[in-house]
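Novice: sequence and predicted structure below; questions after.
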Amino acid sequence: MGKLVRVNMSEKKVVVEPLPDQCEGKGGRWLTSLMVSEEVPAGCHPLGPNNKVVFAPGILTGTNAPNSGRISVGAKSPLTGGIKESNAGTPFPQKLARMGYTALVVEGIVDDDSRWLLKLGVDGGELVPADELKWKGTYEAARMLLDNYGEKTAFMLIGPAGEAKMAMAGIAFNDTEGRPSRYAGRGGLGAVLGSKGLKAIVLDDTGAPGVDPVDKDLFKEGQKKLVDAIQSHDVTKKGGALNSFGTAVLINILNEAGGLPTKNFRSGVFEGAQKISGEAIAEAAKQRGGAGTMGHSCHPGCIIRCSNVYAREDGSEHVSCIEYESSWSLGANCCIDNLDHVAELIRICNDLGVDTIEAGVTLGVAMEAGLAEFGDGPAAIKLLGEIGARTPLGHILGQGAQFTGEAYGVTRIPTVKHQGMPAYEPRAVKGIGVTYITSPMGADHTAGYTIAPEILAVGGKQEPLSTMDKVTLSRAFQETTAFIDSTGYCLFIAFPILDIPSGFEGVVQTVNGMLGTGYTGEDVGAIGKEILQAEKDFNTRAGITAAADRPPEFMRYEKLPPHNHVYDISDEELDKFWN
């Protein structure tokens, strides 16, 4: 039987209790969405006492299954007003699972301006005062935690933006070297923890019992199939696209497809794309040497290794890591083609504890409003500094793109359910637009990554500009993704399992071996549908109607160069998603 940790910030109590029966056999997003749906009043204020933050390792996290070091974090989002699951790859959930904990729930709220730290060991935990961490950036705070609790500790942190309850605040976890660089970034969940006064969690896994599959032979059989699939697929194998160039390999690919949002979603092509691409990052690592490296991993057991460390010209470490979404949002979307400026913007986001996607979309809207010129990297850095200084302008920006656009009378605000759109232009890639629009999470590419068939021809080939069957395509991807998010596997396993049937079999077998269940491939979609429906029901109770499942109005009438398409999947078709 699994164990659940409840941390009550109002009473300063930490209690370990048996996992409820209905939660057994679940993990990751399946568990966070279930618990938020059942325990959080849908109409509550996201920053009030009735919201809860649920941390859940995936079903397979803590095992030696490949690429299984993901954690889901769930709550009611202060950005979207609906349910939110945000996840990260980090050693933190691997230790949490091996300590015997299936989930950790933070509830209640502090009644003063104090900060607290949760120390959690295998026999329980305690809350200790942490005012010495108040308003510290995540880099300084992480160093203090490692000095106090040991270099091998795993930790969670929020930055100053979370403490200031800004809606773009994320949650930082440590990477394999102790950097506070692995983010559950989307949806403002760092602000929810800030409202509760919880600055950090540290784990002491001394004496951890570990995680044992129920059927070890079946687990190993599935594990081998998945490893073989990952290591043989062109996207995920060693020396493949992700390993060699990181996720930013997509910069040039999307630019060539006319789907790279540029200048606050005015165009699908950026002239400076090559300068901020994965190829440019890899070349910098080669030329500058020092700390710069490709093929870095975010957690032990990752065999794709798509992360990187970017170095300054003198070889000293600048930031880890430059992801595709970050290079796009803080680069192409703002017309910034200087990779060093992009790296500095990412470093500032990491230190403040904000989502790089929302930050970049917000900066694009701010540039649209005339607060800075497009392409001006130093001005963008200065604007992020306003967030760090917690000035009135900083608080406006810190609430995200929708809030900023409304404050300045901007009409081109690329959001759905108030969440900034990621790095794929819906007018050029119609299926990912369905995902942005219909997902209970707001605009989120990871909710249903139709880019795989639409751009990369993985899992078949779909014409990106076509509207044909894109609602059905997105639904299938969203259902499968909800299941993957529950297992603890990295979403990138989707590439090999879409093309290699034995890889998909391996995923199902590892889950069955772990739990002693008899799931089939058909159950994957059914479980995903169950998760999506629970999330949709929460949003309905929160007052989010079908009117929110719409693209930004400007995408209906502004044609996007170079293809000169509008978003032309009708509202009637979009509404069929939930049929």
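Specialist: Alright, I've got the coordinates. On a predicted model such as this, the values are computed, not experimentally measured, just so you know.

Novice: first-to-last residue distance for stretch 22-31?
Specialist: Criterion Cα to Cα, to the nearest Å; first-to-last residue distance in stretch 22-31 is 9 Å.

Novice: residues of that stretch that come out buried?
Specialist: Neighbour-count burial for stretch 22-31 flags 23, 25, 26, 27, 28, 29, 30, 31 (criterion: 16 or more other Cβ atoms under 10 Å). For glycine as for every other residue, the C-beta is placed from the backbone atoms N, C-alpha and C.

Novice: with stretch 40-53 instead?
Specialist: Result for stretch 40-53 [16+ other Cβ under 10 Å]: buried residues 40, 42, 46, 47, 49, 51, 52, 53.

Novice: tell me which of those is nearest to residue 478?
Specialist: Of all the buried residues of stretch 40-53, residue 42 has the smallest distance to residue 478: 20.6 Å, by Cβ to Cβ.

Novice: which phi and psi values does the residue lying closest to the closest one once chain neighbours are set aside adopt?
Specialist: Once flanking residues are discounted, residue 42 sits nearest to residue 541: 3.5 Å by Cβ to Cβ, 6 or more residues apart in numbering. Per-residue torsions, residue 541: phi -70, psi -30 (degrees, to the nearest 10).

Novice: so residue 541 is in contact with residue 43, correct?
Specialist: Yes: assessed by Cβ atoms under 8 Å, residue 541 is found in contact with residue 43 at 7.0 Å.

Novice: contacts only, for residue 377.
Specialist: Shown in contact with residue 377 (Cβ atoms under 8 Å, 6 or more residues apart in numbering): 336, 338, 341, 342, 344, 345.

Novice: with residue 222 instead?
Specialist: Listed by Cβ under 8 Å, 6+ apart, the contact set of residue 222 reads 65, 505, 506, 507, 508, 509, 510, 511, 512, 513.

Novice: and the pLDDT at the last one?
Specialist: Same thing as residue 513. Looking at residue 513, its pLDDT stands at 98.

Novice: surely it is within a strand?
Specialist: No: per DSSP: H, G, I helix; E, B strand; the rest coil, residue 513 lies outside any strand segment and is helix.

Novice: residue contacts, it?
Specialist: By Cβ under 8 Å, 6+ apart, the residues touching residue 513 are 213, 214, 215, 216, 217, 218, 219, 220, 221, 222.

Novice: repeat that with 10 Å
Specialist: Contacts for residue 513 (Cβ atoms under 10 Å, 6 or more residues apart in numbering) come out as 60, 63, 65, 213-223.

Novice: what number of residues lie near the residue nearest to residue 42?
Specialist: Residue 541: 14 surrounding residues under other Cβ atoms under 10 Å.

Novice: what sits against it?
Specialist: Taking Cβ under 10 Å, 6+ apart as the test, what residue 541 contacts is 37, 41, 42, 43, 82, 83.

Novice: quick one: which of those is nearest residue 383?
Specialist: Among the contacts of residue 541, and counting by Cβ to Cβ, the member closest to residue 383 is residue 82, at 27.7 Å.

Novice: which ones are touching the closest residue to the closest one other than its chain neighbours?
Specialist: Among residues not flanking residue 82 along the chain, residue 539 sits closest, at 4.1 Å (Cβ to Cβ, 6+ apart). With contact taken as Cβ under 10 Å, 6+ apart, residue 539 is in contact with 37, 42, 76, 80-83, 417, 440-442, 545, 548-549.

Novice: quickly find the element holding residue 539.
Specialist: Using DSSP states H and E, residue 539 falls within helix 521-541.

Novice: which member of the buried residues of stretch 40-53 is positioned nearest residue 498?
Specialist: residue 53 (32.4 Å).

Novice: and that closest one, what's its pLDDT?
Specialist: Note on residue 53: pLDDT of 98.

Novice: what residues are bridge-paired with it?
Specialist: Going by DSSP bridges, residue 53 is paired in beta bridges with residue 106.

Novice: my guess is it contacts residue 76, does it?
Specialist: Yes: between residue 53 and residue 76 there is a contact under Cβ atoms under 10 Å: 9.4 Å.

Novice: can you list residues touching both of those two?
Specialist: The contact sets of residue 53 and residue 76 overlap at 36, 40, 84, 189, 192 (Cβ under 10 Å, 6+ apart).

Novice: sorry, back to before: which of the contacts of residue 377 fall within helices?
Specialist: Mapping the contacts of residue 377 onto helices (DSSP state H) picks out 341, 342, 344, 345.

Novice: reformat the residues you listed as TSV; add distance to residue 246.
Specialist: Converted to TSV, the ones in helices among the contacts of residue 377 look like this (distance: Cβ to Cβ, whole Å):
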residue	distance to residue 246
341	18
342	13
344	18
345	17
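
Novice: between these, which has the most around it?
Specialist: Within those, most neighbours by other Cβ under 10 Å means residue 342, with 31 neighbours.

Novice: name the residues of stretch 283-301 that are buried.
Specialist: Across stretch 283-301, burial judged by 16+ other Cβ under 10 Å covers 284-285, 288, 291-299, 301.

Novice: tell me the one among these nearest to residue 126.
Specialist: Residue 126 lies nearest to residue 299 out of the buried residues of stretch 283-301, by Cβ to Cβ, at 26.3 Å.

Novice: quick one: the closest one is in a helix?
Specialist: No: according to three-state DSSP, residue 299 belongs to no helix; its state is coil.
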